[in-house]
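1. Let's see this in three dimensions:
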Amino acid sequence: MKKNDTLDQLFEAILTLENIDECYAFFEDACTPKEIQNTAQRFVVAKMLNDKKPYAEIVKATGASTATISRVSRAINEGFNLAFTRVNK
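-> Model (predicted):
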C-alpha cells in the first residue's frame, strides 16, 4: 500500500483510540459489520498460521475458506507479526 495523507489521517485517528469500546464505536462508524467481521477473521487466520496450525484446523475454527487462508498466508508480513508480538505481551 502506498502511503498518503488520507491514510495517515485515518491511522492517526485510530492511534487516538484508548480502549476496546472506543474501537467498537470508531469501526462501527467507519466500516460495515461484514467488513469488520472479515478483518477480524483474517487476523485470527493470520494468528493461527503464525502458530503453524494446519489449514483444516483453521477452516474449522474460523469458517474461512481455504482460498481466504491462502490469501492471508501470502499477505502476512511485519505488520501482522508486530501486532502478534505486542498482543502476546
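2. And the next helix or strand past the lengthiest helix in the chain?
-> In the chain, assigned by DSSP state H, the helix with the most residues is helix 33-50. Per DSSP states H and E, helix 33-50 leads on to helix 55-62 as the next helix or strand towards the C-terminus.
3. Name the nearest residue to residue 84, ignoring sequence neighbours.
-> Counting by Cβ to Cβ, 6 or more residues apart in numbering, residue 84 lies nearest to residue 50, which is 5.7 Å off, once chain neighbours are set aside. For every residue, glycine as well, the C-beta is placed using N, CA and C.
4. Let me know the pLDDT of the one you found.
-> In this prediction, residue 50 carries a pLDDT score of 90.
5. From residue 73, how far out is it?
-> Residue 50 sits 10 Å away from residue 73, going by Cβ to Cβ, to the nearest Å.
6. what does the longest helix of the chain rub up against?
-> 27-28, 31, 57-58, 61-64, 68-69, 72-73, 75-76, 80-81, 83-84 (Cβ atoms under 8 Å, 6 or more residues apart in numbering).
7. Can you tell me which of these are buried?
-> For those, a burial check counting by 16 or more other Cβ atoms under 10 Å picks out 27, 58, 62, 64, 68-69, 72, 76, 80.
8. Report the angle between the least confident helix or strand in the chain by mean pLDDT and helix 33-50.
-> Here the helix or strand of the chain ranked lowest by mean pLDDT, DSSP states H and E is helix 78-87, holding a mean of 84. Using axes from the mean of the first three to the mean of the last three Cα atoms, to 10 degrees, the inter-axis angle of helix 78-87 relative to helix 33-50 is 80 degrees.
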